[in-house]
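Novice: Need a 3D model of the following:
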Amino acid sequence: MIFSLKGRRALVTGAASGIGAAIAQAYANAGAQLILADRDATRLSTAADTCRALGAEVVECVADVGCHEGAQAGIDTCIEAFGGIDILVNNAGMLTQAACVDLTQAMWDDMLRVDLTSVFVASQRALPHMLGQRWGRIINIASQLGIKGGAELTHYAAAKAGVIGFTKSLALEVGKSNVLVNAIAPGPIETPLVDGISQDWKIAKAKELPLGRFGRPDEVAPVAVLLASDPGGNLFVGQTLGPNSGDVMP
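Specialist: Prediction:
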């Protein structure tokens, strides 16, 4: 298999549904040992069983990345279960919609806590192990809105722009230790995450896209396999890859 992850120990957060579940399945197919983390225990169990049916060794971790301990829990579980960690996919996130004038402080704080701070906390927890073995891959799920912005999504776009900036800066710090940090910035994808967005917004957005449609999680997951693979991902450092239906063309 050209993009094999055989023998690699991987953590995927937000793995119970959407892009996270699709990445988990793709990693299972590629041979990785998996820690799947999510706060929804029921859906997480279903996602884990799907990966086990594909032949993967899977350990579930019920945790909420919105708190410090929850953001660290998946890393600790991976170390305990597999003796180390090779790949961290910071995928867990949230999405709400409001005009900036109507945003509450709580909405702003929640968005940054879940979509940005959790990426820092989990990465910081994993780094000593990756640096010590001089091999690691950190893949952060951002959004094309972190590049172009989005009306009524100022808090979300700000958090995802922060993820992209964090990715580039950390990549500069640790690349020479063979710890490669990159981001994926999907366009609109048909996932439970977009359920809270108005139908009018989604219809208008689809019309803007050169492909004329939202993407599917299984169309994003192969990018995460590429970035985690050896040699496939070996030259990606601080990059933001954009499976986005043509919404952003850097």
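Novice: what about the longest helix in the protein?
Specialist: Longest helix of the chain, by residue count under DSSP state H: helix 154-174.
Novice: What is the neighbour count of Arg39?
Specialist: Counted with other C-beta atoms under 10 Å, the neighbours of Arg39 add up to 17. No exception for glycine: its C-beta is placed from N, CA and C like everyone else's.
Novice: for Val101, same thing?
Specialist: Residues near Val101, counting by other C-beta under 10 Å: 6.
Novice: and it, how far is that from Thr154?
Specialist: 10 Å (C-beta to C-beta, to the nearest Å).
Novice: and the next element down the chain from the lowest-mean-pLDDT helix or strand in the chain?
Specialist: Here the helix or strand of the chain ranked lowest by mean pLDDT, DSSP states H and E is helix 199-208, holding a mean of 86. Going down the chain from helix 199-208, the next helix or strand is helix 217-228, by DSSP states H and E.
Novice: May I have that next one as CSV, with CA atoms only?
Specialist: This file holds the C-alpha atoms of helix 217-228, laid out as CSV (Å, rounded to 0.1, in the frame of the first residue of the first chain):
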residue,chain,number,x,y,z
PRO,A,217,-16.1,13.4,4.6
ASP,A,218,-14.7,10.5,2.6
GLU,A,219,-13.3,13.1,0.1
VAL,A,220,-11.4,14.8,2.9
ALA,A,221,-10.0,11.8,4.7
PRO,A,222,-7.4,10.7,2.1
VAL,A,223,-5.7,14.1,2.6
ALA,A,224,-5.1,13.1,6.3
VAL,A,225,-3.7,9.7,5.2
LEU,A,226,-1.3,11.4,2.8
LEU,A,227,0.0,13.8,5.4
ALA,A,228,0.5,11.0,7.9
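Novice: In contact with the residue positioned nearest the centre of the chain, which residues are there?
Specialist: Nearest residue to the geometric centre of the chain (C-alpha atoms, centre = their mean): Asn91, 2.3 Å. Counting by C-beta atoms under 8 Å, 6 or more residues apart in numbering, Asn91 makes contact with 12-15, 19-20, 23, 141.
Novice: nearest residue to Thr167 other than its sequence neighbours?
Specialist: In this structure, Thr167 finds its nearest non-sequential neighbour in Ala183, 4.2 Å apart by C-beta to C-beta, 6 or more residues apart in numbering.
Novice: For my notes, confirm that neighbour occurs in a helix.
Specialist: No - counting by DSSP: H, G, I helix; E, B strand; the rest coil, Ala183 is not part of a helix but strand.
Novice: and it, bridged to which residues?
Specialist: Beta-bridge pairing of Ala183 under DSSP bridges involves Asn140, Thr240.
Novice: Quick one: neighbours of it, just the number.
Specialist: 28.
Novice: thinking again about what came up before, contacts for the least confident helix or strand of the chain, please.
Specialist: 97, 152, 188, 194, 212-214, 247.
Novice: Buried ones among these?
Specialist: 97, 152, 188, 194, 214, 247 (16 or more other C-beta atoms under 10 Å).
Novice: Thought Leu95 was touching the fourth one, still the case?
Specialist: Yes - taking contact to mean C-beta atoms under 8 Å, the distance of 6.7 Å between Val194 and Leu95 places them in contact.
Novice: Can you tell me which of the contacts of helix 199-208 is closest to Thr46?
Specialist: The closest of the contacts of helix 199-208 to Thr46 turns out to be Val194 (C-beta to C-beta; 20.2 Å).
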